[in-house]
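K.L.:
sequence first, predicted model second:
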Amino acid sequence: MNISFGDSGDGFYRYSNYIDWTLTFALGTPPPVHYSPLIWTMVFISIIIVSAAICALVYFIGHHFHMRRRDCYEEPLLGETEDL
């Protein structure tokens, strides 16, 4: 049960003298909760999209660090390889 009255200190209550009464009442047990196939589809698609995004992020971060590590090695120039 929720009962709310306007506050006598606010301007709206003084101007309108508005009072709000709210009552919620129910009998019996609530109906069982069933999720529609649309909801299940949206949940699975969301999981797939988030999983794909995480996999792509891990791949790009790994690729970035791999390329940075590879750039640290000294590689001979083309002219230097012919002399060997």
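P.N.:
Thanks, I have it.
K.L.:
what about the strands in this structure?
P.N.:
Along the chain, the segments classed as strands by DSSP state E run 2-4, 20-22.
K.L.:
which of these comes out lowest on mean pLDDT?
P.N.:
The minimum mean pLDDT among these belongs to strand 2-4 (a mean of 55).
K.L.:
give me the distance between residue 59 and residue 47.
P.N.:
Look at residue 59 and residue 47: by Cβ to Cβ, to the nearest Å, they are 19 Å apart. Any C-beta I mention is one placed from the backbone N, CA and C, and that applies to glycine too.
K.L.:
wait, I meant residue 26
P.N.:
34 Å.
K.L.:
more neighbours: which of these two?
P.N.:
Shown here are residue 26 and residue 47; by other Cβ atoms under 10 Å, residue 47 has more neighbours (10 against 6).
K.L.:
now that one: how far from residue 57?
P.N.:
Counting by Cβ to Cβ - residue 47 and residue 57 are separated by 16 Å.
K.L.:
ok, now residue 27?
P.N.:
The value you get for residue 27 to residue 57, if Cβ to Cβ is used, is 51 Å.
K.L.:
more crowded one of these two?
P.N.:
Per other Cβ under 10 Å, whichever of residue 27 and residue 57 has more neighbours is residue 57, with 10 against 4.
K.L.:
ok, that one - contacts?
P.N.:
Residues near residue 57 by Cβ atoms under 8 Å, 6 or more residues apart in numbering: none.
K.L.:
for this structure, which helix is longest?
P.N.:
Identified as the longest helix of the chain according to DSSP state H is helix 37-71.
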